[in-house]
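Participant: Quick one, structure for this:
(2 chains)
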Amino acid sequence: MDQIAPAPTQSRKRDDPAKIRLVGAGKTFQVRGTELEALKPVDLGVGGEEFVALVGPSGCGKSTILNLVAGLLAPSAGQVLYDGEPVTGPNRRVGYLTQKDTLLPWRSTADNIRISLELKCRATPRAEATDRVAQMMELVGLRGFEHHYPAELSGGMRKRAALARTLIYEPETLLMDEPFGALDAQLKLLMLDQLQRLTRHRRMTVLFVTHDLGEAITLADRIVVVSARPGRIRAVHEVRLPRPRDVFTIRFSEDFARQHERLWDELKDDIIKGTDV
Amino acid sequence: MSTPSQQAQSGARDSVVGWQVALGVALLIGWEIAGRAGAARWVSEPSKIAVKLWIWLGGPLYVHLAATVTELVTGFAIGASLGALAGMMLGRSPVAAAVLRPVIVGLYSVPRVALAPLFIKFFGLGYLPKIVLVGIVTFFLLFFNTFSGAQRIDEDLVHSMEIMGAGRWEIFRKLVAPGCAVWIAGGIKTALPYALVATVTGELLATRAGLGLLLSQAAEQFDMTSIYAVLLLLMVIGLLLSEAANRIEQRVLRWRQAAE
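Facilitator: Model (predicted):
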């Protein structure tokens, strides 16, 4: 069982130059004249094709990290690099699945999923786009809902539609903010399975925010534990479970249980500490 | 092949229509009786109005109808498109909106109808002064409505489109314009009655043709029958316009009904 030893070990893609790198990147918001530090300066590198999960108590700045990488926020300290270049403005190399689904209410589900293929930057012939939309709808289990408007879908279905809309254009990097929070347990497993399959197959780099430790252990190569506000990186865990992982059974393995326990200890401390401050 | 509930529904609809027809006939008969009993000096009589309309149909009505409808439709189309466009553009550029705010509020504070004499001086007695007046009335209503709509576009949607790689024009076409559709449709519905008011007001002041001219001529001659005939025609135009606006709104906003 030294497989899960905390000692530093060879990560899957250690040789690659970092795809995403935060160098002393911090974020302070001005709220009614007072400064609110959302994220203390952090250093974090995510290698190409690596799957990194960010876990931590709510409001700890996990989403801020994603927004920095997506270029929707500018760091108030330090630098955010993507492929070695500073991120300035919306980062078009990533796909970003925000916590809130950003489907367009006047477009049917299929048309929402199709939208990226209509853009000039990746103009796709109509027939091919239709094929790919059908494939994605199948993949996220929304077949039969092509002509439904978002308002006619349940919260979980909208989440899946948003996921399909992000995956369809196969961004090289995927930023995900609690994408499966609204799903029931059974469906969540199915989606985790699909996500693992797809990101491995398309060799995507993934930065994934979740509050579900099980989800993080199931999917991630590394788990970054972020402490309560102001956020800072408290610990980084390598998840040394072999790939491909069987998302349906892995949670019953002893390795998984140990990882879980270790992570929970980290988080529990932090929550207690957070309340003292 | 309708279900019992559909039959019941269409039955209820039939009886509503039946009552409406009965009410209309009763009103007309009452009006006719009142007229013949001596009130014709004030209310004319439906039968005389019908005859008047029939005579007009064979004669000069088309010129006047064409004038009024052309002024209304042209002015409305120009004012509504410019208003919606300006609303979307300023709604999405806060700096420009802040700079232009005093100008817009200042212009808006002048009662639009009070501009009619000015336009008649500028543009004469043809269609143009009325088109400009209707256009300005419509422009402001559409502008303010669309402006609020554009400001309320969810920034998160804009960001998601940007990250997807959409350019400024693509965001405008695929997000801002459809996002404002509800507001534009609302603006159109509000503006249509005002546009009709503006057309007739312009024509009442000075014109060569139009229902407003018929109305002012009839009033000068104390010709109650003609006055009521024109008012009836204006009512029909108003009803047709609001029905058209409803249809357009329903088509544009199918996704909204889906949400309910």
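
Participant: start to end distance for stretch A:74-92?
Facilitator: End-to-end distance of stretch A:74-92 (C-alpha to C-alpha, to the nearest Å): 15 Å.

Participant: so for that stretch, what's the average pLDDT?
Facilitator: Here stretch A:74-92 scores 93 as its mean pLDDT.

Participant: Then stretch B:174-190?
Facilitator: Stretch B:174-190 carries an average pLDDT of 94.

Participant: quick one, what contacts the residue of the stretch 1-150 of chain B found nearest chain A?
Facilitator: Relative to chain A, the nearest point of the stretch 1-150 of chain B is B:G149 (12.6 Å; C-beta to the nearest C-beta). No exception for glycine: its C-beta is placed from N, CA and C like everyone else's. Applying C-beta atoms under 8 Å, 6 or more residues apart in numbering or on different chains to B:G149 gives the contacts B:G87, B:M88, B:G91, B:G179, B:C180, B:V182, B:W183, B:I184.

Participant: Buried ones in the helix or strand encompassing it, by neighbour count?
Facilitator: Using DSSP states H and E, B:G149 sits in helix B:128-151. In terms of neighbour count (16 or more other C-beta atoms under 10 Å in any protein chain shown), helix B:128-151 has its buried residues at B:128-147, B:149-150.

Participant: ok, back up a step: next one: the residue of the stretch 1-150 of chain B closest to chain A from A:A53, what distance?
Facilitator: From B:G149 across to A:A53, the span is 39 Å (C-beta to C-beta, to the nearest Å).

Participant: For my notes, confirm A:L22 occurs in a strand.
Facilitator: Yes. Assessed with DSSP: H, G, I helix; E, B strand; the rest coil, A:L22 lies in a strand.

Participant: average pLDDT for the one helix or strand B:I55 maps to?
Facilitator: For B:I55, the host element (DSSP H and E) is helix B:46-58. If you average the pLDDT over helix B:46-58, you get 92.

Participant: what residues does that helix touch?
Facilitator: Contact with helix B:46-58 is made by B:L28, B:W31, B:E32, B:G35, B:A40, B:L61, B:T225, B:S226, B:Y228, B:A229, B:L232, B:L233, as judged by C-beta under 8 Å, 6+ apart.

Participant: Apply 7 Å and report the result again.
Facilitator: Contacting residues not belonging to helix B:46-58 are listed as B:L28, B:W31, B:E32, B:T225, B:S226, B:Y228, B:A229, B:L232 [C-beta atoms under 7 Å, 6 or more residues apart in numbering or on different chains].

Participant: same for whichever helix or strand comes after it, what does it pack against?
Facilitator: For helix B:46-58, the following helix or strand on the C-terminal side (DSSP H and E) is helix B:61-92. Applying 3 or more C-beta pairs under 7 Å, 6 or more residues apart in numbering or on different chains; DSSP states H and E, we find helix B:61-92 packed against helix B:94-109, helix B:128-151, helix B:177-205, helix B:211-220.

Participant: could you redo those helices as TSV and give each row distance to A:P150?
Facilitator: Output for the helices and strands packed on helix B:61-92, formatted as TSV (distance: least, C-beta to C-beta, whole Å):
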stretch	distance to A:P150
helix B:94-109	28
helix B:128-151	19
helix B:177-205	13
helix B:211-220	46
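
Participant: State the helix or strand in which the nearest residue to A:R251 once chain neighbours are set aside lies.
Facilitator: Residue nearest to A:R251 in three dimensions, not counting chain neighbours: A:G214, with 5.7 Å by C-beta to C-beta, 6 or more residues apart in numbering or on different chains. Using DSSP H and E, A:G214 sits in helix A:213-219.

Participant: For that helix, output the C-alpha coordinates as CSV.
Facilitator: Presented in CSV, the C-alpha positions along helix A:213-219 are these (Å, rounded to 0.1, in the frame of the first residue of the first chain):
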residue,chain,number,x,y,z
LEU,A,213,-13.7,14.7,-1.8
GLY,A,214,-14.8,11.5,-3.3
GLU,A,215,-15.2,13.1,-6.7
ALA,A,216,-11.7,14.7,-6.4
ILE,A,217,-10.0,11.4,-5.5
THR,A,218,-11.8,9.5,-8.2
LEU,A,219,-10.8,11.8,-11.0
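
Participant: next helix or strand past that helix?
Facilitator: Next along the chain after helix A:213-219, taking DSSP H and E as the criterion, comes strand A:222-226.

Participant: now the angle from the helix holding B:G149 to helix B:177-205?
Facilitator: Angle between the axes of helix B:128-151 and helix B:177-205 is 150 degrees (criterion: axes from the mean of the first three to the mean of the last three C-alpha atoms, to 10 degrees).

Participant: what element comes up after helix B:128-151 heading to the C-terminus?
Facilitator: Going down the chain from helix B:128-151, the next helix or strand is helix B:155-164, by DSSP H and E.

Participant: That next one packs against which elements?
Facilitator: For helix B:155-164, the helices and strands in contact under the criterion 3+ C-beta pairs under 7 Å, 6+ apart are strand A:94-97.

Participant: The next helix or strand after the strand it packs on near chain B anywhere?
Facilitator: Counting by DSSP H and E, the next helix or strand C-terminal to strand A:94-97 is helix A:109-118. Yes. Using C-beta under 7 Å from any C-beta of the partner chain, helix A:109-118 reaches chain B at A:I115, A:S116.

Participant: Just want the angle from helix A:109-118 to helix B:155-164.
Facilitator: Going by the same axes, to 10 degrees, helix A:109-118 makes 50 degrees with helix B:155-164.

Participant: Tabulate the CA atom coordinates of helix A:109-118 in CSV.
Facilitator: Extracted in CSV, the C-alpha atoms of helix A:109-118 (Å, rounded to 0.1, in the frame of the first residue of the first chain):
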residue,chain,number,x,y,z
THR,A,109,-30.8,22.6,-25.9
ALA,A,110,-29.3,21.4,-29.2
ASP,A,111,-28.8,25.0,-30.4
ASN,A,112,-27.1,25.9,-27.1
ILE,A,113,-24.7,23.0,-27.5
ARG,A,114,-24.0,23.9,-31.1
ILE,A,115,-23.2,27.6,-30.5
SER,A,116,-19.4,27.3,-30.3
LEU,A,117,-19.4,25.6,-33.8
GLU,A,118,-21.3,28.6,-35.3
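
Participant: tell me what that helix is packed against?
Facilitator: Under the contact definition 3+ C-beta pairs under 7 Å, 6+ apart, helix A:109-118 sits against helix A:126-139, helix A:155-167.

Participant: What number of residues are in the vicinity of B:E170?
Facilitator: As a burial measure, B:E170 scores 18 neighbours (other C-beta atoms under 10 Å in any protein chain shown).

Participant: secondary structure element for it?
Facilitator: helix B:168-171.

Participant: and that helix, C-alpha only, in CSV?
Facilitator: Provided in CSV are the C-alpha atoms of helix B:168-171 (Å, rounded to 0.1, in the frame of the first residue of the first chain):
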residue,chain,number,x,y,z
ARG,B,168,-17.7,41.5,-30.5
TRP,B,169,-20.1,41.3,-33.4
GLU,B,170,-20.9,37.6,-32.7
ILE,B,171,-21.7,38.5,-29.1
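
Participant: can you tell if that helix touches chain A?
Facilitator: Yes. For helix B:168-171, a contact with chain A is found by C-beta under 7 Å from any C-beta, at B:E170.

Participant: what's that helix in contact with?
Facilitator: Taking contacts as C-beta under 7 Å, 6+ apart, the residues outside helix B:168-171 that touch it are A:L119, A:K120, B:V158, B:M161.

Participant: and A:R245, helix, strand or coil?
Facilitator: Going by three-state DSSP: A:R245 is coil.

Participant: repeat for the one 3 residues further on
Facilitator: Three-state assignment for A:F248 (three-state DSSP): coil.
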